[in-house]
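Asks: sequence and predicted structure, then a few things I'm wondering about:
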Amino acid sequence: MAAIIPQPEALARFRQYLENFVVFTNAEWTLFSEQLYQRNLRKRDILVENGKICNEVGYILEGSLRFYFVKDGQEISNYFCFEGGLVSSYSSFLKRTPSFPTIQAMEDASVICFSYAGLHQLLQNPLVALKMERFGRLVAEYLICCYEERVVTFVTQSPEERYQELLQKQPNLLQRIPQHYIANYLGITPVSLSRIRKRIAAAPISKKLALVA
């Protein structure tokens, strides 16, 4: 999983995505992009390992990753990330403490990364220091909101509702992710997930359209 230099089109995609947080001038982007590198992961490769400090924040160009922890010898998936989004064990990244989750590729994936050392270096540069401070804060807010949304859905939605919402966001989910990962993420057994899928498949067309509206 060696780091490589991202292609210009990949950097352009990342720069466009970052406009959700901050807009870089060309001079600022040149400084920032010098700190970027790309990791190409194979299916089941580990990006962040439990018990080790997370040193990177990544933008997923292609592929998907899962967050999981191990309890009583069983892997429990508690979050998924897909292309077009950020991925990191951000608390570990910021606090320099061991990561609780492991982050693993569920399929081949490409991720543009910047490191803690690179971010710290940019924070020392007066040309971009203020913007990087704002960027770091907004990224933290984004990731916190993602995790909070995950917690809220567990409190307010049934497993079937969570599954339907997941399908709305990722319609081809079942072709990309093993069913046992999805069941684990939903907090149910694979057998229960099969029953949910059968109920949805047997629902009248009008009801299915209402579910995805």
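Replies: Great, that's in hand.
Asks: the helix or strand hosting E165: which residues count as buried?
Replies: For E165, the element it lies in under DSSP states H and E is helix 159-169. By 16 or more other CB atoms under 10 Å, the buried positions in helix 159-169 come out as P159, E160, R162, Y163, Q164, L166, L167. Yep, even glycine has a C-beta here, placed from its N, CA and C like the rest.
Asks: what's the spacing between E165 and Q7?
Replies: Distance from E165 to Q7, counting by CB to CB, to the nearest Å: 34 Å.
Asks: tell me the spacing between Q104 and L143.
Replies: Note on Q104: its distance to L143, by CB to CB, is 18 Å.
Asks: can you pull up the most central residue in this protein?
Replies: C81 (3.0 Å; CA atoms, centre = their mean).
Asks: confidence score at the nearest residue to that one once chain neighbours are set aside?
Replies: Once flanking residues are discounted, C81 sits nearest to V87: 4.4 Å by CB to CB, 6 or more residues apart in numbering. As predicted, V87 sits at a pLDDT of 94.
Asks: low-scoring stretches of this protein, by residue?
Replies: Scanning the chain for pLDDT under 70 picks out the ranges 1, 204-213.
Asks: next, the angle from the longest helix seen in the chain to helix 159-169.
Replies: Identified as the longest helix of the chain according to DSSP state H is helix 129-156. Orientation check (axes from the mean of the first three to the mean of the last three CA atoms, to 10 degrees): helix 129-156 against helix 159-169 gives 140 degrees.
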